[in-house]
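Asks: this one's sequence-less:
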């Protein structure tokens, strides 16, 4: 059986996921994010914990904005360069909805880069492991862009499966490949995820991953053996943690809305409201020291 038939089956699954209705609060905050960057935005994707739970209250919606080009969405050359060299740029946004505020963290990447970074030629799993998970489509510019996104998500699924398949033996549990793939991808980033997190994600979409495993098992066998596969993942950990540090450093300068996001996080976890001055909102890095001292004196942080 050719590789085209399994991919066509996966594309049908992805098309159904992209066609699913998106909650109105997510549409509201996605519109606010799009408005910031103008007509250069081609699509808005929705994924993550709020997607899985089906609710946003008390959480932070995860969005991806796909741009026509960085010149189309960034005024400053430095922002364009940072986005191109180390995608994505990450921002915070909130929007009113029915008497409350919906909060989101959104990443910005160009559509051409997104297509490349979800493919098998990209060594690091930052993009393809994320988008092997179910993804919603909040808004899209036209059918051609929708088709490109659909193909990219199919490629992300195939890449993730094939990257982890040699790690789980000859006759694995159909879900074991996905659990191992997400576990290994978490290890390539500076994120605190317990080992059971990967299992919980796969179990949440159990039928989806069972179906995908059945389809992907019809693709040609992976030529990389278990030992070589393990070496690749060790290299990905080294590379990924370095990239994570660089992304954190970049975010200190590109994370627009970071002060408001920090204030919300502190209030959410401590119950202590934090009012920010206009100067603190404009200069969150410089304001961090004074905010830290103020919170320490109020015994919010120790």
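Replies: Done, it's in. The structure displayed is predicted, hence computed values, not measured ones.
Asks: domain-wise, how is this protein divided?
Replies: The chain resolves into domains spanning 4-256, 260-297 when parsed by automatic domain parsing.
Asks: so which of the ones you listed is the most surrounded?
Replies: domain 4-256 (a mean of 17; mean count of other CB atoms under 10 Å). Quick note: C-beta positions are derived from backbone N, CA and C, even for glycine.
Asks: state the mean pLDDT of that one.
Replies: For domain 4-256, the mean per-residue pLDDT is 93.
Asks: please state the offset of that domain from the chain centre?
Replies: How far domain 4-256 lies from its chain's middle: 4 Å, per CA atoms, centre = their mean, to the nearest Å.
Asks: contacting residues around the most centrally placed residue in the chain?
Replies: Closest to where the C-alpha atoms of the chain average out (CA atoms, centre = their mean) is residue 130, at 5.4 Å. Contacts for residue 130 (CB atoms under 8 Å, 6 or more residues apart in numbering) come out as 47, 156, 185.
Asks: the first one contacts residue 135, doesn't it?
Replies: Read that as residue 47. Yes. Look at residue 47 against residue 135 with CB atoms under 8 Å: they come within range, at 4.7 Å.
Asks: can you tell me what sits against stretch 22-34?
Replies: Contacts of stretch 22-34 (CB under 8 Å, 6+ apart): 41, 44, 46, 50, 54-56, 61, 63, 65, 91, 93-98, 102-104, 106, 136-139.
Asks: from those, which land in strands?
Replies: Counted as lying in strands by DSSP state E, out of the contacts of stretch 22-34, are 41, 44, 46, 61, 63, 65, 91, 93-97, 102-104, 106, 136-139.
Asks: can you give me the helices in the protein?
Replies: Applying DSSP state H to the chain gives helices spanning 4-19, 24-37, 49-53, 70-73, 77-85, 111-117, 143-164, 176-186, 196-204, 206-216, 226-254, 258-270, 278-282, 284-297.
Asks: among those, which comes closest to residue 123?
Replies: Closest to residue 123 of the helices of the chain is helix 226-254 (CB to CB; 6.7 Å).
Asks: other SSEs contacting the closest one?
Replies: Judged by 3 or more CB pairs under 8 Å, 6 or more residues apart in numbering; DSSP states H and E, helix 226-254 is in contact with helix 77-85, strand 89-97, helix 143-164.
Asks: please report how far the closest residue to residue 150 other than its chain neighbours lies from residue 95.
Replies: Closest residue in space to residue 150, ignoring its immediate chain neighbours: residue 14 at 5.3 Å, by CB to CB, 6 or more residues apart in numbering. Between residue 14 and residue 95 the computed distance is 28 Å (CB to CB, to the nearest Å).
Asks: before we move on, what about residue 194?
Replies: 32 Å.
Asks: likewise for residue 22?
Replies: 14 Å.
Asks: what does residue 50 give?
Replies: Taking CB to CB, one finds residue 50 at 14 Å from residue 95.
Asks: and what of residue 12?
Replies: Residue 12 is 33 Å from residue 95, where distance means CB to CB.
Asks: touching, residue 43 and residue 109? I think so.
Replies: No. Using CB under 8 Å as the test, residue 43 is too far from residue 109 to be in contact (10.7 Å).
Asks: what do the two both touch?
Replies: Common contacts of residue 43 and residue 109 (CB under 8 Å, 6+ apart): 65-66.
Asks: spit out the contact partners of the residue lying closest to residue 46 once chain neighbours are set aside.
Replies: Once flanking residues are discounted, residue 46 sits nearest to residue 136: 3.9 Å by CB to CB, 6+ apart. Residues near residue 136 by CB under 8 Å, 6+ apart: 17-18, 20, 22, 26, 45-47, 51.
Asks: what does residue 55 give?
Replies: Per CB under 8 Å, 6+ apart, neighbours of residue 55: residue 23.
Asks: same question, residue 231
Replies: Contacts of residue 231 (CB under 8 Å, 6+ apart): none.
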